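Asks: everything below, folded, please.
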Amino acid sequence: MSRLVSVLSWYNNEPMSWEDYRLILALVRERTVRGAARSLGVSHATVSRRLAHLNSREGGPFVQKSPSGLWPSKAGVVVVKAAEKMERIVSEASRRRRSAETSLSGPLCVSVPNPVLKYLLFDSVIEFDERFPGIDLTIDATDRLVNLDRAEADIAIRITEAPPEHWIGRRLFPYKLSLYGHRDYLSSRPESEYRWIAPVGDPPRWSDWLERSPFPDAPVAMRISSITGRFQALKHGIGLGRAACFMADSESELVRLPGAEVVRGETLWVLSHPDLARTDRARAALRFFAAQLQNKKSAIQGGHVDD
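Replies: As a prediction, the model looks like this:
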C-alpha cells in the first residue's frame with residue numbers, strides 16, 4: 001500500500017504526459033526497447049533514454065528487465081492500466097473525428113501484408129493514387145496485425161479466418177498454396193538428393209503437407225521462421241518448399257512439383273472499423289481494393305501456371 005501511495009503522490013506532484021504513458025505501454029506490450037521504438041516510430045536511443053529517466057523518478061521503476069523481456073513493476077501496472085484507458089479514449093476520439101470527414105481528400109492509411117502488396121497490389125496502389133489525387137495515401141506494408149480500434153490504419157487487408165467481429169468490410173475468398181521447386185534445383189540432382197525448406201518447429205498441417213507431398217521421405221535442409229524468408233530460399237534453389245500460388249506462379253524459375261496438390265489457405269478480407277469506414281475516402285478504398293483483389297481471384301487461387 002505504501003508503494004502505491006508513493007506512486008499516486010508522484011502523479012499528483014508531477015503528472016505524467018500522454019507520451020510517458022504511451023512509452024510505458026509500448027514497452028510492456030512489445031517486451032523490448034527495440035520493439036517499443038519501432039511501434040512508436042522513434043529511435044532505440046530515444047526510448048532507452050526516456051525509460052531511464054522515468055524509472056529514476058520518484059515512484060519508479062515502472063518497467064523492469066527479466067529473462068523473458070520487459071515487464072511492469074507493481075507501480076508500472078498502475079500506469080499501464082491508466083494508459084490503456086487513456087488510449088481507448090484517444091482512439092475513440094480520433095476515430096469519431098475522422099468519421100465526420102466527408103471529402104475524398106486527406107490522409108488514408110492502408111495496412112497490407114508485404115507479399116500481398118508486392119505480388120498482387122503494387123500496381124493497384126499506383127492506380128489508386130492516380131484515381132484519387134486528393135487522398136494522402138500511406139501504405140503500411142507489414143505482417144504486423146494493426147489494431148483498427150486504435151486507429152493504427154483506416155483499412156486493413158488481411159488473410160485470416162477470424163477477424164474481429166465488430167470490424168466491417170468485404171470477405172473475399174481463400175488463397176491457395178502448393179509445393180514448388182526451382183527449375184535448376186529439380187533438373188540438377190536426382191530425387192534422392194531433394195531437401196525441404198520448412199517452417200521452424202512443427203506448425204499445424206506441415207506434417208500433413210509433407211506426408212501428402214510427392215517426396216515425403218526427403219529430409220529438411222533448412223528451417224526459416226518467416227514466409228518471405230522461406231520464399232527467398234526457394235527462389236535461390238536451396239530446396240523444395242510450400243508457397244502461395246500468387247507468389248510462386250509469378251516467378252518463372254519456380255515450378256510446381258509434379259503431382260503436388262493445390263490446397264486451400266485462409267481467407268482474404270478488406271476491413272475497416274465502423275467509425276473509420278464512414279469517411280468517403282475509406283469507403284472508396286474498401287470498394288477499390290476489394291475489386292482489385294476480386295479481379296485477381298484466378299491467380300490467387302492458383303489458376304495461372306506456366307508449365
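
Asks: can you give me the helices in the stretch 101-250 of the chain?
Replies: The residue ranges that make up the helices of the stretch 101-250 of the chain, judged by DSSP state H, counting those that start in this stretch, are 114-116, 122-131, 183-187, 206-212, 227-235, 245-248.

Asks: okay, now the domains of the protein?
Replies: What automatic domain parsing lists as the domains of the chain is 2-98, 103-307.

Asks: confidence-wise, which of these is weakest overall?
Replies: Per-segment mean pLDDT for those reaches its minimum on domain 2-98, at a mean of 78.

Asks: my read: Ala282 touches Ala153, true?
Replies: No - proximity of Ala282 to Ala153 does not meet the contact threshold set by CB atoms under 8 Å, at 10.1 Å. Using the backbone N, CA and C atoms, a C-beta is placed for each residue, glycine as well.

Asks: buried deepest among the helices of the stretch 101-250 of the chain, which one?
Replies: Among the helices of the stretch 101-250 of the chain, helix 245-248 has the highest mean neighbour count (mean count of other CB atoms under 10 Å), at a mean of 24.

Asks: any idea which helix or strand comes after that helix?
Replies: Past helix 245-248, further along toward the C-terminus, the next helix or strand under DSSP states H and E is strand 254-256.

Asks: paired strands for that next one, with orientation please.
Replies: strand 168-182 (antiparallel) (DSSP bridges).

Asks: so Ile155 sits right up against Ser111, yeah?
Replies: Yes - taking CB under 8 Å as the definition, Ile155 is a contact partner of Ser111 at 7.0 Å.

Asks: between those two, point out the one with more neighbours.
Replies: Between Ile155 and Ser111, counted using other CB atoms under 10 Å, Ile155 has the larger neighbour count: 28 against 24.

Asks: what's the nearest residue to the more buried one if we skip its chain neighbours?
Replies: If the residues on either side of it in the chain are set aside, Ile155 comes closest to Val110, at 4.5 Å by CB to CB, 6 or more residues apart in numbering.
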